[in-house]
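S.K.: need a 3D model of the following:
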Amino acid sequence: MRVLSRLILLVAAITALVLAWNAPEIVRALDRPATLALPEPAPVSRDLAPNEAAVIETVETTRGSVVAISTSQRLAGAFGYGAREVPRGTGSGFVWDDRGHIITNAHVIEGASRAWVGLANGETYEAELVGADVRRDIAVLRIGASAVPPALPRGTSAPLRVGQSVLAIGNPFGLDWTLTTGVVSALDRELPSESGPALRGLIQTDAAINPGNSGGPLLDSSGRLIGMNSAIYSLSGASAGIGFAVPVDTLARVVPQLIERGLYSPPDLGIEAYPRVNALARREGLEGIVIMGVRPGSGAEEAGIEPARLSRRGGIVPGDILTEVEGAPVTTLDALQAALEEHRAGEDVTLTLERAGTARQETVTLDAGA
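M.R.: Next up, the predicted model:
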């Protein structure tokens, strides 16, 4: 037993001596990284997914038709001396036709004394203001480029559906020709306007829209123009995923008149009505537009529409009250104008009128507004 114990002690002592002698080498061995059998990296694919290829093709095809807009404002010095031009702002726009007409927002060029249009090829041209409609936030510029980029192919906004893909191209924060993508978030939105009645019938999108995107095109997945980016809803001033665009169908009604006449004259019924009278009528339970006058020779007169009249005691005796245009209820003058702008001068519209509690329908030919 003693021999066995001594043998165990001898083996332990020899082992300790060996470990002490080779300790540096053991430590160095432990410090060396272990060699692991890693899987071979997967080869990088250069093939694009079909949706990626489609977006890239759309951008490359339409990019040249999008422009950058910069403006300046002339400031007069003291006593008329030292007048100077100072930068005012930037925005976006797009080519409308082969005559050099550029479409942008009215607020992009509002208050500016000069404007320049930058093309994707690096050329810059001073622009001439052709016409603007502040109420619908649309402006038309013209450049004298020797070779005008092709106009964007135009689609229609009538069949748009919530959820379909859209692309926005513009110059947010001066970062030229920036692409953002998203979907149609909602349709027929209304946005209050600082310059007058609310903007109606807008397209809402979650494609990132930031300052500088104003006036740029909103495209469908095929690269067709379906709207003009105009505004964002944001508490911080940056994109919050809620952008608004003027539908291309509105542009198609307004832009030709701006090019031809420099102003837009919406279709007109030939009636006179007043917001205050309508407000008073609503308090009395009358819903609709109280017609206070009918213009001689107008479509309204030909249809036999009767305006309100004064009673012997000086009160107002209602005549016809307009309640619907083509089946759509109208309760305010703003709503009436929006309904009329779905049509053109010379078209016939069906009105629903009420007089003394009896409803009837009349067909009226729209006049050209002044």
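
S.K.: longest strand in this structure, please.
M.R.: Using DSSP state E, we find that the single longest strand of the chain is strand 178-193.

S.K.: parallel or antiparallel, which strands does that one pair with?
M.R.: For strand 178-193, the paired strands and their directions (DSSP bridges) are strand 165-170 (antiparallel), strand 196-205 (antiparallel).

S.K.: ok now the shortest one, how far from the chain's centre?
M.R.: Spelled out, it's strand 165-170. The chain centroid and the centroid of strand 165-170 are separated by 10 Å under C-alpha atoms, centre = their mean, to the nearest Å.

S.K.: and that strand, average pLDDT?
M.R.: Mean pLDDT, taken over the full extent of strand 165-170, equals 94.

S.K.: those strands in the stretch 201-350 of the chain, which residues are they?
M.R.: Remark: strands assigned in the stretch 201-350 of the chain by DSSP state E, counting those that start in this stretch are 217-220, 225-232, 243-247, 267-268, 271-272, 289-290, 293-294, 309-310, 316-317, 321-325, 328-329, 348-355.

S.K.: show the subsequent helix or strand relative to the lowest-mean-pLDDT helix or strand in the chain.
M.R.: The weakest-scoring helix or strand in the chain, judged by mean pLDDT, DSSP states H and E, is helix 2-31 (a mean of 53). Scanning forward in sequence from helix 2-31, with DSSP states H and E defining helices and strands, the next element found is helix 50-62.

S.K.: and that following helix, which residues are buried?
M.R.: Within helix 50-62, the residues that qualify as buried by neighbour count (16 or more other C-beta atoms under 10 Å) are 55, 58-59, 62. Where C-beta positions appear, they are placed from N, C-alpha and C, glycine not excepted.

S.K.: what is the orientation angle of it with strand 165-170?
M.R.: 40 degrees (axes from the mean of the first three to the mean of the last three C-alpha atoms, to 10 degrees).

S.K.: quickly run through the sheet partners of the helix or strand immediately after helix 50-62 in the chain, with directions.
M.R.: Reading on from helix 50-62 to the C-terminus, the next helix or strand found by DSSP H and E is strand 66-75. Strand pairing for strand 66-75, determined by DSSP bridges: strand 84-95 (antiparallel), strand 114-118 (antiparallel).

S.K.: now strand 66-75: mean pLDDT?
M.R.: Averaging pLDDT residue by residue across strand 66-75 gives 90.

S.K.: all further residue positions should be reported with the first residue as 2.
M.R.: In the new numbering, first residue 2, that becomes strand 67-76.

S.K.: can I get that strand in CSV? Just the C-alpha atoms.
M.R.: These are the backbone C-alpha positions of strand 67-76, laid out as CSV (Å, rounded to 0.1, in the frame of the first residue of the first chain):
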residue,chain,number,x,y,z
VAL,A,67,-37.9,65.8,-64.0
VAL,A,68,-36.3,69.2,-63.3
ALA,A,69,-34.9,71.1,-60.4
ILE,A,70,-36.3,74.6,-59.8
SER,A,71,-34.5,77.4,-57.9
THR,A,72,-35.9,80.9,-57.4
SER,A,73,-34.6,84.3,-56.3
GLN,A,74,-36.3,87.4,-54.9
ARG,A,75,-35.3,91.0,-55.7
LEU,A,76,-34.7,93.1,-52.6
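
S.K.: need the contact partners of it.
M.R.: Identification of contacts with strand 67-76 by C-beta atoms under 8 Å, 6 or more residues apart in numbering yields 84-96, 103, 105, 109-110, 112-121, 128, 142, 153, 170-172, 177-178, 216-218.

S.K.: of those residues, select the buried ones using a PyMOL command.
M.R.: Command for PyMOL that selects the buried part of these, burial taken from 16+ other C-beta under 10 Å:
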select buried, resi 89+90+91+92+93+94+95+96+103+105+109+110+113+116+117+118+119+120+128+142+153+170+171+172+177+178+216+217+218
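
S.K.: just give me the neighbour total for residue 260.
M.R.: Around residue 260 there are 17 other residues, counting by other C-beta atoms under 10 Å.

S.K.: I figured it hits residue 129, correct?
M.R.: No: if you go by C-beta atoms under 8 Å, residue 260 and residue 129 don't touch, sitting 11.9 Å apart.

S.K.: where does the stretch 52-201 of the chain dip in pLDDT?
M.R.: Segments of the stretch 52-201 of the chain classed as low confidence (criterion: pLDDT under 70) are 78-84, 195-198.

S.K.: do that again at 90, thanks
M.R.: Counting by pLDDT under 90, the ranges of the stretch 52-201 of the chain that qualify are 52-56, 59-60, 74-91, 112-114, 135-137, 146-148, 158-160, 172-178, 188-201.

S.K.: would you map out the domains in the chain?
M.R.: What automatic domain parsing lists as the domains of the chain is 66-143, 166-257, 268-369.

S.K.: in TSV: the ones you listed, plus distance to residue 52.
M.R.: Conversion of the domains of the chain to TSV gives the following (distance: least, C-beta to C-beta, whole Å):
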stretch	distance to residue 52
domain 66-143	21
domain 166-257	8
domain 268-369	34
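
S.K.: any idea which of those domains gets closest to residue 48?
M.R.: Between residue 48 and these, the shortest separation by C-beta to C-beta is 19.9 Å, and it involves domain 166-257.

S.K.: which residues pair with residue 67 across the strands?
M.R.: Residue 67 has the following beta-bridge partners by DSSP bridges: residue 95.

S.K.: how near is it to residue 367?
M.R.: As judged by C-beta to C-beta, to the nearest Å, residue 67 and residue 367 stand 35 Å apart.

S.K.: this completes my enquiry, with thanks.
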